[in-house]
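> Got a predicted model here, sequence first, then my questions.
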Amino acid sequence: MLADEIADRWPRLFHMAEAGSWPSIQRHGLLSAQALCDLYDVRQSQRDELLARKRPHSVQITHPEHGTAWVRDIKPNNETVLRRTLVGMDEASWYRTLNSRVFLWLTEERLGTLYAAYRGRGHDVLVVSTAKLLAAHGGEVEFCPLNSGAVHAGAVVTRGAETFRGLADYPWEERRRIARREPVVELTVPYAVRTSPISSRTSVPSGWRRGKR
């Protein structure tokens, strides 16, 4: 699949950030957990806790210049199943792989599922132009066929070095046969996304739910 075909099929991408994140995103771009730790000068001992292990809760970090930011939890992750289904890397390497990326959903339905998991918290929802993002980050973008941060008790799909694949290497035809409606679940960008592809930002109303536009 070519970049323009992807932009035609999924013209908008979605990312949900903690409420109040927008001013920082405007200044620094949309940052991965690793990039946030770099920007906030997080000490090494805390970096290992944040980036190489499961985060059962969201963690607030602070900086005298940049203020506060949140590193979101990785709750839906059964570590017993993760160990069983990981291929070619250990758990710490997998967590570092996740934390080195910015994740974007290709559908509002996926966004709605994430929002439902964080009811009661405020959010900044970013709408990203797929065409502009691919123009700015095309060579870096990698795709994933599943929700990489969620490993449930019944999971059987393996994860590892081959989970994230570039545009030319992603198994589009195979994925269309397996999941025609949703051949790709996540679009990821290593480290950070420039602000320029972000076309709009909104605070999610308290009554918003999956399926509501």
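Done, it's in. Residues are numbered from 1 along each chain as shown.
> quick one, strands of the protein?
Counting by DSSP state E, one finds strands in the chain at the ranges 12-18, 30-31, 59-63, 67-71, 86-87, 101-105, 123-129, 142-144, 159-160, 165-166, 186-190, 192-193, 198-203.
> Nearest to A117 among these would be which one?
A117 lies closest to strand 12-18 among the strands of the chain, at 9.8 Å (C-beta to C-beta). C-beta here means a position set from N, CA and C on the backbone, and glycine is covered the same way.
> worst average pLDDT in the strands of the chain?
Lowest mean pLDDT within these: strand 198-203, at a mean of 82.
> Any buried residues in that one, and which?
Going by neighbour count (16 or more other C-beta atoms under 10 Å), the buried part of strand 198-203 is I198, S199, R201.
> Please apply the same query to stretch 66-82.
If you call a residue buried by 16+ other C-beta under 10 Å, then stretch 66-82 has these buried ones: A69, W70, V71, R72, D73, I74, N77, N78, L82.
> Could you measure from the residue positioned nearest the centre of the chain over to F14?
For the chain, the residue nearest the mean C-alpha position is F103 (2.0 Å; C-alpha atoms, centre = their mean). F103 is 10 Å from F14, where distance means C-beta to C-beta, to the nearest Å.
> coming back round to it: and the residue nearest to the centre of the chain, how close does it get to L30?
In terms of C-beta to C-beta, F103 sits 10 Å off from L30.
> And for this protein, the residue most distant from the center?
P64 (26.7 Å).
> so the residue nearest to the centre of the chain bridges to which residues?
Judged by DSSP bridges, the bridge partners of F103 are T188.
> Residue ranges in this protein under the pLDDT threshold?
204-213 (pLDDT under 70).
> farthest-separated two in the buried residues of stretch 66-82?
A69 and N78 (27.3 Å).
> For the residue nearest to A17 when sequence neighbours are not counted, give me its contacts.
Nearest residue to A17, sequence neighbours excluded (C-beta to C-beta, 6 or more residues apart in numbering): D124, at 4.6 Å. D124 makes contact with M16, A17, E18, A19, G20, S21, W22, I25, R201, T202, S203 under the criterion C-beta atoms under 8 Å, 6 or more residues apart in numbering.
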